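S.K.: how does the following fold in three dimensions:
(one chain, ligands or ions: 1)
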Amino acid sequence: MKLNVLKPSVNSLPVRVLMRAAGLAHEEVDAWGHTRSPEYLAKCPAHMTPMLETSDLAMGALWESCAIMQYLCNKHGLTKYYPADPAKRAVIDSAMFYLTGTLYPLLSRATYPALGFPGYAGEVGASDASPAEKEKARKAAEEALAEPLEVFRSFYIGSDKFIGGATPSIADMRFAATLEFLAAIDYKLPAWAKSYVADMEKALGKAYMEPAGDVRGFIQYVKSQKK
Ligand SMILES: N[C@@H](CCC(=O)N[C@@H](CS)C(=O)NCC(=O)O)C(=O)O
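M.R.: Residues are numbered from 1 along each chain as shown. Below you'll find the predicted structure:
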């Protein structure tokens, strides 16, 4: 298996964590600067990372971090990270859809300007609006983050330690990874979120810390360039 990643990316991070935690043999390829090359586009017309390549897949390639993690868990029987029970699995799926559909779009609008990443077409940040208007829109996205974050606390995590219950699931890998980008804007993470990330670090050890170090190092670098 070949996993194409961008090392500073919190979209690549959860898959990198799962691969390590589950001890899945694979080659990790840094796709920085190559995602729009003719070779890459021939495999992945969406020019996305993370992107898994394996001959087991009909089209040879799979993108979308959550779909990759679901596939790997299904293929390798990793019920520890993706429970087989339909009701438990549905909550993991819901958390991941809610993250990519609701939390992440707000988070990208709030953090991408600080990270130097391009915004998406149609957003104020990617338009020819004035810097003040762009900052107003960015701030609105930052303020709107509080609600979905609270949904993760009150509903998905609830009285458990993790979304997965007593141990981390693939939804936890996706959620903890996503929180990492908030350091780019010095977002005041609620205390529960700080201890949640600490619990993830403790539960997954090097499998989390090593790839998370790439994201953290990138954020530190970006911040140091602004001083
Ligand atoms: N929803 C996707 C988002 C993936 C994504 O946005 N990947 C970006 C990096 S953060 C990418 O590969 N961009 C490269 C490009 O568009 O050329 C996921 O969870 O995997």
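S.K.: packing partners of the longest helix anywhere in the chain?
M.R.: In the chain, with assignment by DSSP state H, the single longest helix is helix 206-226. Helices and strands touching helix 206-226, by 3 or more C-beta pairs under 8 Å, 6 or more residues apart in numbering; DSSP states H and E, are helix 13-21, helix 104-115, helix 170-180, helix 191-204. No exception for glycine: its C-beta is placed from N, CA and C like everyone else's.
S.K.: how far does the shortest one sit from the chain's center?
M.R.: Just to be clear, that refers to helix 13-21. 10 Å (C-alpha atoms, centre = their mean, to the nearest Å).
S.K.: that one and the ligand in contact?
M.R.: No: Helix 13-21 does not reach the ligand (C-beta under 6 Å from any ligand atom); its nearest approach is 7.9 Å.
S.K.: what pLDDT does the model give the nearest residue to residue 11 once chain neighbours are set aside?
M.R.: Distance criterion C-beta to C-beta, 6 or more residues apart in numbering; nearest residue to residue 11, sequence neighbours excluded, is residue 65 at 5.1 Å. pLDDT, residue 65: 98.
S.K.: isn't residue 65 up against residue 14?
M.R.: Yes: with contact defined as C-beta atoms under 8 Å, residue 65 counts as touching residue 14 (5.4 Å).
S.K.: so between those two, which is more surrounded?
M.R.: residue 65 (30 against 27; other C-beta atoms under 10 Å).
S.K.: count of neighbours near residue 187?
M.R.: 18.
S.K.: and it, that one's in a strand?
M.R.: No: according to DSSP: H, G, I helix; E, B strand; the rest coil, residue 187 belongs to no strand; its state is coil.
S.K.: what kind of secondary structure is the residue nearest to it when sequence neighbours are not counted in?
M.R.: Setting aside the residues directly before and after it, residue 187 is nearest to residue 142 in space (C-beta to C-beta, 6+ apart), at 6.9 Å. What three-state DSSP gives for residue 142 is helix.
S.K.: count the neighbours of residue 142 for me.
M.R.: Counted with other C-beta under 10 Å, residue 142 comes out at 17.
S.K.: contacts only, for it.
M.R.: Each residue near residue 142 by C-beta atoms under 8 Å, 6 or more residues apart in numbering is listed here: 106, 110, 185, 187.
S.K.: and the helix or strand that residue 98 is a member of, C-alpha only, in CSV?
M.R.: Using DSSP states H and E, residue 98 sits within helix 86-98. Provided in CSV are the C-alpha atoms of helix 86-98 (Å, rounded to 0.1, in the frame of the first residue of the first chain):
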residue,chain,number,x,y,z
PRO,A,86,-24.1,-1.1,13.6
ALA,A,87,-25.3,1.3,16.3
LYS,A,88,-21.8,2.1,17.6
ARG,A,89,-20.4,2.3,14.1
ALA,A,90,-23.2,4.7,13.0
VAL,A,91,-22.1,7.2,15.7
ILE,A,92,-18.5,7.0,14.5
ASP,A,93,-19.7,7.7,11.0
SER,A,94,-21.9,10.5,12.1
ALA,A,95,-19.0,12.2,14.0
MET,A,96,-16.8,11.9,10.9
PHE,A,97,-19.5,13.3,8.5
TYR,A,98,-20.3,16.1,10.9
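S.K.: what's in contact with it?
M.R.: For helix 86-98, contacts defined as C-beta under 8 Å, 6+ apart pick out 66, 70, 82-83, 148, 151-152, 156, 163-165, 169-171, 174-175.
S.K.: ok, stretch 73-85 next?
M.R.: Contacts for stretch 73-85 (C-beta under 8 Å, 6+ apart): 18, 21-22, 24, 56, 69-70, 72, 89, 92, 164, 167-170, 173.
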